[in-house]
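S.K.: Predicted model and sequence follow; I will ask about them next.
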Amino acid sequence: MTEQLFQIGIKALIQNDEHQILLLKSQDYWDIPGGRMDQGEDIEAALLRELHEEIGVDHIANNQLWDVAKAVKQLPYDDMMTSLMLIVYHVQLPADQIPRSCEPGVTLHWVSPEQAADYLKNKYPEAFRQAIAQLS
C-alpha cells in the first residue's frame, strides 16, 4: 500500500456585516485567505501569520473551526504529488482590522456566498462549496 502525503493549509472564512465573503483574486485563481503551515508551527500561529502576510491583519476577534476539506487538485512536492488538507476557521475581525492586499498582483473582493461557492470550484470540493453558498 502506498501512503499518501498531505500538506496542511490553514484558511480563514471571513464575512462582513452584509454576510459577504472575503476572497483573494490572483491572475490564476480565487481563494480565501490563508496558506500552508510551516514546519513546527501550531495551527493558531499559522492562521495569524497567514492573515498578516496576505491581508495585513495583526489580530482577530474570534475564530471557530468551520470545516476540514481535501483540496480538489494535488500539488507537486519534490518528485511526487501531495494532497492539501484545508483546515478552515470562521474568523471574525475586530473593527480596527481592515483587510488589504499585501501581495503583488492579488486583489481583495467581498462577494456573496453564492458567488464565493462558484469562484472556489477549482480548489474546494462540492460539499464545502455548498456549505459556503448557504452562509447568510
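M.R.: Happy to help now that I have it.
S.K.: Quick one: residues contacting the spatially closest residue to Glu53 that is not a sequence neighbour.
M.R.: Closest residue in space to Glu53, ignoring its immediate chain neighbours: Cys102 at 6.2 Å, by CB to CB, 6 or more residues apart in numbering. (C-beta placed from N, C-alpha, C; glycine too.) Contacts for Cys102 (CB atoms under 8 Å, 6 or more residues apart in numbering) come out as 52-56.
S.K.: residue ranges of the helices in this structure, please?
M.R.: 43-55, 113-119, 126-133 (DSSP state H).
S.K.: Turn those helices into a markdown table, columns for distance to Asp17.
M.R.: A markdown table is the format used below for the helices of the chain (distance: least, CB to CB, whole Å):
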| stretch | distance to Asp17 |
| --- | --- |
| helix 43-55 | 17 |
| helix 113-119 | 14 |
| helix 126-133 | 18 |
